[in-house]
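Asker: Let me see the structure of the following:
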Amino acid sequence: MRRWLRMKTRLGLLAALLLTPTAVAAKPAKGPAWEESDKLPAVQNRLYRVEHEFQVGLGVLPVDAFSKGFTLGGGYAWHITDLWAVELRAAYLLNFKTALRDKLENNFGEPPSKFAEIRLYGEVSALFKPIYGKLSLLNKTLVYGEIYLSASAIVARLNGGSATDDEPQGKGDRLGFGGAPGFGLRGYLNRYLSLRFDFRYLLLYSRGEGHYPLALTLNLAITTRSDL
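Answerer: Got it, this is the predicted structure:
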């Protein structure tokens with residue numbers, strides 16, 4: 001009996017010695033390295049990185065009560081980095097009278113020259129692109145895009161405007177100057193093509209009169225890649 005107890009005790013000690021290192025090794029190490037890695041964001045490299053961009057677009061100026069403008073335009077942008085770009089754009093406008101303006105001209109004898117219209121404009125813009133990402137479309141396709149902010153300096157050719165004692169027939173052809181804050185959305189179609197939607201609020205001043213149309217533009221952009 002004593003011999004059996006001694007053997008059992010020795011086997012228990014041997015088992016404890018064999019299992020203890022394994023348990024210690026299996027225990028995950030904790031420390032600053034694990035804690036810091038848990039705080040790192042999961043950020044992927046951009047699939048689309050552009051440098052030069054050429055664009056053509058159609059747009060509308062929808063909020064003027066007396067005329068609605070449709071734009072034909074184009075531009076060029078240089079993407080200096082992934083976050084910043086500078087852009088040159090120009091647009092020609094086709095203006096159409098509203099029903100309210102028709103009534104004022106036909107029923108109250110208001111001359112067409114008293115209603116201000118934008119004929120064309122050009123802008124120099126700075127773009128800041130803080131948001132880039134991808135979305136799943138119907139769980140089948142990944143759609144890549146970005147959201148950007150814009151700040152522009154604008155020069156425009158205007159015609160007509162409110163009559164004054166010095167200008168009873170309106171202000172005629174003239175230049176207007178101002179700025180335009182806005183934002184935009186871009187969706188990439190492939191490596192070299194993308195669609196842009198731009199929302200800009202034009203703040204134009206000329207001969208003491210302000211003109212504040214909203215411009216909505218859809219552009220097709222052709223881009224060159226900066227990582228090739």
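
Asker: And the residue nearest to residue 79 when sequence neighbours are not counted, how far from residue 50?
Answerer: Sequence neighbours aside, residue 85 is the residue nearest to residue 79 in space, at 4.3 Å (criterion: C-beta to C-beta, 6 or more residues apart in numbering). In this view, the C-beta of every residue, glycine as well, is placed from N, C-alpha and C. Distance check for residue 85 against residue 50: by C-beta to C-beta, to the nearest Å, it reads 9 Å.

Asker: Let me know the helix or strand that the residue nearest to residue 79 is in.
Answerer: Assessed by DSSP states H and E, residue 85 sits inside strand 84-97.

Asker: what residues are shared contacts of residue 85 and residue 50?
Answerer: residue 79 (C-beta atoms under 8 Å, 6 or more residues apart in numbering).

Asker: More neighbours: these two, which one.
Answerer: Neighbour totals were compared for residue 85 and residue 50, and residue 50 leads with 24 against 20 (other C-beta atoms under 10 Å).

Asker: pLDDT score assigned to the more buried one?
Answerer: Per-residue pLDDT puts residue 50 at 89.

Asker: For it, name its beta-bridge partners.
Answerer: With DSSP bridges as the criterion, residue 50 is bridged to residue 225.

Asker: Outline the domain layout of this structure.
Answerer: Domain assignment of the chain by automatic domain parsing yields the ranges 2-38, 50-225.

Asker: which stretches of this structure have low pLDDT?
Answerer: Applying pLDDT under 70 to the chain flags the ranges 1-43, 162-170, 226-228.
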